[in-house]
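Participant: the following block contains a protein sequence and its predicted model.
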Amino acid sequence: IDGFKNINDSFEHSVGDKLLIAFVKRVQYLLGYRSSIGRLSADQFVVFKKVDSFESSGHKIKTMLDELQKPFEIEDKQISITVSIGASLAPTDGRSGALLIKNADTARHKVKQEGRSGYTFFKDEMTRLSYERVLMINALREAIEKEDFTLFYQPLQELNSGKIVGVEGLLRWESEAFGSVAPAKFIPLVEETKLIVPLGAWVINEACRQLALWKENPLTKTLTLAINISGVQLYHCDLFKILQHAVHTFKIDPHLLKLEITESTMMNASNETVGLLQKIKNMGIALSIDDFGTGYSSLARLKKLPVDVLKVDRSFTVDIPQDQDACMLAKSILSIAKQMRLGVIVEGVETKEQRAFYEKEKGCVLQGYFLAKPMPIEALEEWLKNHV
């Protein structure tokens, strides 16, 4: 089950327990006879089923995937989940139960690496990839100990004035063993292994250190700096104390620091987590909902969250201005933000036509390759001089 810990953190554990029971009952019903199911850990299950062919097993798994994603009704709550399924076949992929489970788990990891919510069958090549995954996790542990990461910075421009009002700090990793590793490849690994907790603390400290250095420079002293916060950090570390310590250590104005949290994490936040976010906002740190529009936000829920900014996902911009539906959706989100007195940052602006579209909308802040790509600190400071 993908993200089961978030369900436990968002609701009472009794709800999580009842969800597991309902999940197993649905799996048993879908599998039918000639099958059995066992629980390996909190959110991992193993199924053994006799099948007639590779094709029939693929059809059965696809049906399970679709049916398990239909909502579960638990204590008058509609709870939706996604699942990641890995499969192995005997005798091709192994003759012992232990080897079949190991290979199916390797396939499951492949699904999770590719974005979760899907299924795949084991292939021999995955053994090599699984080994590489272990090596990368070990390399990440070592890199975190050595603080062997950097932040790149992408400027944000206020359309009305043309002023550069801030930057987003984006994590980059140049590994001795793996070369330049894309965030999409290593961020899921550090979240899954909880290494995001020490790495996230480093990002917070590095952002505050940079803001402290910028205080003396007229070009940068008013810039805001936004960093991404993972749901794992919200649920599994004392984020408030880490932020408080960094702000006091580097003596920065907390109003210049912004935290970006994904829409799905915000919408599933428990009352306790909302309380934590309110404490952070009371410090003066601004909160943004990242990837806005990709989830299923309730406006009633949104109103109760201590949010300052909506960051419109790049998927809404990519088809502007040629797609009228995309234009209408973007305008609707901007209207919602205006009515709720929230700031708006639009991601993914890459053409002059897209920029011209948003110029007609008041109060937008733009971010994207049309303005500038993410760059190291030295390049950013030089870019700011030339831009001004």
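Facilitator: Sure, I can see it.
Participant: beyond the longest helix along the chain, next helix or strand please.
Facilitator: Looking across the chain with DSSP state H, the single longest helix is helix 125-146. In the C-terminal direction, the helix or strand that comes right after helix 125-146 (DSSP states H and E) is strand 150-158.
Participant: would you mark the buried spots in that following strand?
Facilitator: 151, 152, 153, 154, 155, 156, 157, 158 (16 or more other Cβ atoms under 10 Å). Where you see a C-beta, it was placed from the backbone N, CA and C, and this is true even at glycine.
Participant: what about the second one, distance to residue 7?
Facilitator: Counting by Cβ to Cβ, to the nearest Å, the separation of residue 152 from residue 7 is 34 Å.
Participant: equivalent analysis for the fifth one, please.
Facilitator: As judged by Cβ to Cβ, residue 155 and residue 7 stand 38 Å apart.
Participant: same question for the third one.
Facilitator: As defined by Cβ to Cβ, residue 153 lies at a distance of 35 Å from residue 7.
Participant: likewise the fourth one?
Facilitator: With distances defined as Cβ to Cβ, the gap from residue 154 to residue 7 amounts to 33 Å.
Participant: do the last one as well
Facilitator: Residue 158 sits 39 Å away from residue 7, taking Cβ to Cβ as the criterion.
Participant: please state the backbone phi and psi of residue 23?
Facilitator: Per-residue torsions, residue 23: phi -60, psi -50 (degrees, to the nearest 10).
Participant: and residue 44, by the same measure?
Facilitator: Per degrees, to the nearest 10, the backbone of residue 44 is at phi -120, psi 130.
Participant: OK, contacts around it?
Facilitator: Residue 44 makes contact with residue 1, according to Cβ atoms under 8 Å, 6 or more residues apart in numbering.
Participant: what strands line up against the longest strand anywhere in the chain, and which way round?
Facilitator: The strand that spans the most residues within the chain, counting by DSSP state E, is strand 164-175. When pairing is defined by DSSP bridges, strand 164-175 lines up against strand 150-158 (antiparallel), strand 179-181 (antiparallel), strand 224-228 (parallel).
Participant: can you add distance to residue 83 and mean pLDDT and give those back as TSV?
Facilitator: As requested, these are exported to TSV (distance: least, Cβ to Cβ, whole Å; pLDDT from 0 to 100):
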stretch	distance to residue 83	mean pLDDT
strand 150-158	34	96
strand 179-181	27	93
strand 224-228	26	97
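Participant: wait, which of the ones you listed is closest to residue 22?
Facilitator: strand 224-228 (33.4 Å; Cβ to Cβ).
Participant: buried residues in the closest one?
Facilitator: 224, 225, 226, 227, 228.
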